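**Q** Kindly generate the corresponding structure for this input.
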Amino acid sequence: MEKLIRGIMDFHRVKREQVKDTFAQLALGQKPDVFFIACSDSRMAVNVFASTDPGDLFVFRNAGNFVTPNETGTATPTDESELAALEFALEKLSVKHIIVCGHSDCGAVKAICEGRENVPLPFLKAWLRRGEEALARVKKREPGLAGPALVNAVSQQNVLLQLEHLMTYERVARRVQDGSLALHGLWFHIKEAEVLYARLEDPAFRVIEDKEGERILKSLKG
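**A** Numbering: from 1, shown residues only. Here you go, the predicted model:
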């Protein structure tokens with residue numbers, strides 16, 4: 001907390017004048033083209049690894065970067081906050097892209113790998129069910145994985161699973177099908193400071209170095 005307060009003091013003393021005009025423009029409204037769903041982990045600093053500025057992303061964060069699936073086929077899932085953010089992103093901000101971003105050494109995924117039944121916190125235990133299918137898929141495909149390798153594999157699979165969950169919403173599926181919306185998966189490898197990319201159509205995660213980045217940009221242009 002002390003670092004936070006001193007950082008705000010430094011902002012007012014040194015940086016405020018540098019960004020005042022930018023925020024004055026943003027005060028008139030926001031027009032991000034990306035809805036960014038990320039884990040709440042404090043190490044997930046998207047403004048650092050994606051070099052984003054204020055106003056670039058509409059961000060929703062939760063433990064495990066989960067998306068509640070539309071399990072009943074109705075417009076009201078069990079977790080309304082996610083749907084509220086999704087509705088706002090699509091209907092009010094008209095975002096063109098939705099990104100689900102996971103990361104290595106994810107605590108939520110680690111708890112799933114160690115057995116959700118062992119989690120003593122009732123709300124967290126219930127919440128983690130949103131990622132159990134990712135564990136089942138990895139165990140079926142790579143039954144010998146364990147430890148950090150298992151956690152990271154499940155974390156990547158979890159990103160793809162949450163993209164599938166997004167597609168259970170008619171608003172999302174319709175836009176994806178008509179080409180007005182694209183879904184993307186990112187995965188941040190904390191130790192290596194690398195960002196990887198995948199899509200449901202191409203689920204292999206690849207590091208976004210220059211060649212891969214240009215390939216992605218070309219695909220976005222159709």
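
**Q** Okay, and the closest residue to V59 other than its chain neighbours sits in which element?
**A** In space, not counting the residues next to it along the chain, V59 is nearest to F36; the distance is 4.8 Å by Cβ to Cβ, 6 or more residues apart in numbering. All C-beta spots, glycine's among them, are computed from the backbone N, C-alpha and C. Assigned by DSSP states H and E, F36 falls within strand 34-39.

**Q** which stretches of the protein aren't confidently modelled?
**A** Residues of the chain that meet the criterion pLDDT under 70 lie in 72-79, 222.

**Q** where do the helices sit along it?
**A** Chain-ordered helices for the chain, with DSSP state H as the definition, fall at 2-10, 16-26, 46-49, 80-87, 107-113, 122-127, 132-141, 147-166, 170-178, 210-220.

**Q** Looking at the ones you listed, spot the one closest to F60.
**A** Proximity to F60 (Cβ to Cβ) singles out helix 80-87 among the helices of the chain, at 4.4 Å.

**Q** what's the spacing between that closest one and its chain's center?
**A** The offset between the C-alpha centroid of helix 80-87 and the centroid of the whole chain comes to 14 Å, using Cα atoms, centre = their mean, to the nearest Å.

**Q** which strands and helices sit next to it?
**A** If contacts are counted by 3 or more Cβ pairs under 8 Å, 6 or more residues apart in numbering; DSSP states H and E, helix 80-87 sits against strand 57-62, helix 170-178.

**Q** among these, which is the most enclosed?
**A** Among those, judged by mean count of other Cβ atoms under 10 Å, the one packed with the most neighbours on average is strand 57-62 (a mean of 19).
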